[in-house]
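>>> sequence and predicted structure are below.
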Amino acid sequence: MKNILVLCTGNSCRSQMAHGYLQKFAAGKANVYSAGVETHGLNPKAVLVMKEDGIDISGHTSNHVDEYMNMDFDFVITVCDNAKERCPYFPTKAKKFHYNFPDPAKATGTTEEIMNEFRRVRQLIKEYSRNFITENI
């Protein structure tokens, strides 16, 4: 069983969405964890747009990367440049991957425009996650 860690700045949005999709696409072939270099709690809009696509992340928690320092990961995926730059050294042989997804939490405009940005980023993360599992698990 492979172990995957998804890292973002606050473990509230992008990493949580990736966690949900990676877990779905891995279908029991990998343990998926997510964390942040800070913790900001779950973003309610991320929970909502994931639910729209049939994935419930409402039970996820916002975890700090230090909680996983003693775990042996096969893959570490950073989903924003800030996390990549601030990612601590992991004393493992984990393969590192990086993709800088836009932060939908910074979207501005009407409620509908903001939600559409969350949906757009969700789709990018979904496609990335599907491809990652297909190529690596």
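That came in fine, so what should we check first? Numbering: from 1, shown residues only.
>>> residues contacting Lys24?
Ile55, Ser129 (CB atoms under 8 Å, 6 or more residues apart in numbering). For every residue, glycine as well, the C-beta is placed using N, CA and C.
>>> also the one 3 residues further on?
Contact criterion CB under 8 Å, 6+ apart gives no residues in contact with Ala27.
>>> kindly report the same for Leu5.
Leu5 neighbours (CB under 8 Å, 6+ apart): Tyr33, Ser34, Ala35, Val65, Tyr68, Met71, Phe73, Phe75, Val76, Ile77, Ala94.
>>> from these, list the buried ones, please.
Tyr33, Ser34, Ala35, Val65, Tyr68, Phe73, Phe75, Val76, Ile77, Ala94 (16 or more other CB atoms under 10 Å).
>>> among these, name the ones in helices.
With DSSP state H as the criterion, helices contain none of the buried ones among the contacts of Leu5.
>>> next, format the residues you listed as CSV and append pLDDT.
Below are the buried ones among the contacts of Leu5 laid out as CSV (pLDDT from 0 to 100):
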residue, pLDDT
Tyr33, 97
Ser34, 96
Ala35, 94
Val65, 90
Tyr68, 90
Phe73, 93
Phe75, 95
Val76, 92
Ile77, 94
Ala94, 88
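>>> what's the nearest residue to the residue nearest the centre of the chain if we skip its chain neighbours?
Taking CA atoms, centre = their mean, the centroid of the chain lies closest to Ser15, which sits 1.8 Å from it. Leaving aside its sequence neighbours, Ser15 sits nearest to Cys8 (CB to CB, 6 or more residues apart in numbering; 3.5 Å).
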